[in-house]
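Asks: Sequence and predicted structure, then a few things I'm wondering about:
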Amino acid sequence: MNAMPEPRPQTILCITTYEKGQEFMRECKRQGWRVILLTAEKLRDADWPRESLADTFYLPEEISTSDIVSAVTHLARSHKIDRIVALDEYDMETAATLREHLRVPGMGLSSMRYFRDKLAMRMRALDRHVRVPDFVPIVNHEDIRYYMDHVPGPWVLKPRQEASAIGIKKIHVPAELWPLLDQLGDKQSSYLLERFLPGDVYHVDSVVSENEVVFANVSRYGKPPMNVAQGGGIFTTFTVPRDSADDRSLRAINRDLIAALGLVRGVAHAEFIHAYADGHFYFLECAARVGGAYINEMVEAATGINLWREWARIEVAGGDGTYKLPPASEEYAGVILSLARQDDPDTSAYNDPEVSLRIKKHHHAGLVLKSTDPRKIPVLLENYAQRFAEEFLAIEPPKDKPTA
């Protein structure tokens, strides 16, 4: 009798045009999968986990989605692709298009928009009774006039498909808006107008398996990300005291939000604002990805859960019911990060025992802190932020696209 053929290892295609997701790829390899990386030509020499990669393909700077589909379809003739994952938010549409074209399991274009299009996610959340700031699409000008007549300013003009605070403009009076819309021309429908709510901004970082939030970590930014992104300054965030009123409220709201947006499996980074005016939490945005700015390292320091690793394990498991979240600890952590004047800033003078990781990145100063005491981290971050401002801080004009 002829021997049965050896089962082939399954293959996952990872797409990213930014340098990130190394631990995701390593974990897929550990799980016995073949990993193919599709990335940008400019990242040919980046620090990829090459020992975990079966193959790597590079995209030129300007390439259309249709050309990427053609290239990956050609690749699929000789590599059977079982999963396709976008490791960065800007690559989600490409990955969803490829899944639909090749009929690979995972999030399609319609579902993807709930995690990429700020208008779609707001309308979906509002429909499912999750609070959002009052907003209006930039489509019908009469609707916009009515909105500004009835919703007190200031407002923020937001691109529907940018990440973080990229491209956001604050509007104080109606007369400021119309010239901006004239400049946008036919692109104005890619924006929305939203009431600006002063408040503290929080984020919930989740692991989702089969529509269920199996892990969540609640944190609060020191300054709202929009302030840091547009005005420069020191980025900080830290774990919220566990089982506090804020922690309980945001865990509940986040569960409702993830259910409303329809994330089946993966990770999510959701942001909420705690409005000073009425004390309510309002949903701002949610991405089906790992949060940037070393949030993953902070979450891992506090809980032992590496979001990239768990995302990989969930993708590999698919819907077969084998995924199990490992035990999580309940400590506290924070991160501080700043653009630095120095090429390789020296943070050795920051030597408190709570320092658990020194971030090594060109022209950046950063630390991850860890403690069993929830009160310790915010105090240290405030002190460190003052010192960072004096010793390291550099400020660049806001960018049109993120750099990492």
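Replies: Looks like it arrived, so ask away. Numbers count the residues shown, from 1 in each chain.
Asks: Poorly predicted segments of the stretch 301-404 of the chain, please.
Replies: By pLDDT under 70, the low-scoring segments of the stretch 301-404 of the chain are 397-404.
Asks: try 80 this time
Replies: Within the stretch 301-404 of the chain, the segments meeting pLDDT under 80 span 396-404.
Asks: could you pull out the helices for it?
Replies: 307-317, 376-391 (DSSP state H, counting those that start in this stretch).
Asks: ok, residue 25 to residue 58 distance?
Replies: 16 Å (CB to CB, to the nearest Å). (Each C-beta comes from the backbone N, C-alpha and C, glycine too.)
Asks: These two - which one has more neighbours?
Replies: Shown here are residue 25 and residue 58; by other CB atoms under 10 Å, residue 25 has more neighbours (26 against 12).
Asks: what residues are up against the more buried one?
Replies: Residue 25 makes contact with 14, 35, 37, 48-49, 52-53, 312, according to CB atoms under 8 Å, 6 or more residues apart in numbering.
Asks: and if we set it to 7 Å?
Replies: Neighbour list for residue 25: 14, 35, 37, 49, 52-53 [criterion: CB atoms under 7 Å, 6 or more residues apart in numbering].
Asks: For it, give its distance to residue 156.
Replies: 36 Å.
Asks: Ranking helices and strands of this protein by mean pLDDT, which lands last?
Replies: Sorting the helices and strands of the chain by mean pLDDT, DSSP states H and E puts helix 225-231 at the bottom, at a mean of 70.
Asks: Beyond that helix, next helix or strand please.
Replies: As assigned by DSSP states H and E, the chain's next helix or strand after helix 225-231 is strand 235-239.
Asks: Which residue, other than its chain neighbours, is closest to residue 352?
Replies: residue 380 (6.3 Å; CB to CB, 6 or more residues apart in numbering).
Asks: correct me, but the one you found touches residue 356?
Replies: No: taking contacts as CB atoms under 7 Å, residue 380 lies outside contact range of residue 356: 11.7 Å.
Asks: quick one: common contacting residues for the two?
Replies: residue 369.
Asks: hmm, who's touching stretch 124-141?
Replies: For stretch 124-141, the external contacting residues (CB under 7 Å, 6+ apart) are 114, 119, 122, 143-144, 147, 151, 181, 188-189, 191-195, 197, 253, 256-257, 260-261, 280-283.
Asks: Wasn't residue 274 part of a helix?
Replies: No: applying DSSP: H, G, I helix; E, B strand; the rest coil, one finds residue 274 to be strand, outside a helix.
Asks: Can you tell me how far it is from residue 250?
Replies: Counting by CB to CB, the gap from residue 274 to residue 250 is 9 Å.
Asks: ok, how many other residues are close to residue 170?
Replies: When neighbours are counted by other CB under 10 Å, residue 170 registers 13.
Asks: Give the partner strands of the strand or helix carrying it in its sheet and their orientations.
Replies: Assessed by DSSP H and E, residue 170 sits inside strand 169-171. Neighbouring strands of strand 169-171 in its sheet, by DSSP bridges, are strand 155-159 (antiparallel).
Asks: Next, the residue nearest in space to the middle of the chain: phi, psi?
Replies: Nearest to the mean C-alpha position of the chain, by CA atoms, centre = their mean, lies residue 291 at 3.7 Å. For residue 291, the backbone dihedrals (degrees, to the nearest 10) come out as phi -60, psi 150.
Asks: pLDDT at it, what is it?
Replies: Model confidence at residue 291, expressed as pLDDT, equals 95.
Asks: what residues are up against it?
Replies: 203, 205, 269.
Asks: could those residues go into TSV alongside neighbour count?
Replies: Output for the contacts of residue 291, formatted as TSV (neighbours: other CB atoms under 10 Å):
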residue	neighbour count
203	23
205	23
269	21
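Asks: just these now: which is nearest residue 238?
Replies: Here the nearest of the contacts of residue 291 to residue 238, counting by CB to CB, is residue 203; it sits at 10.8 Å.
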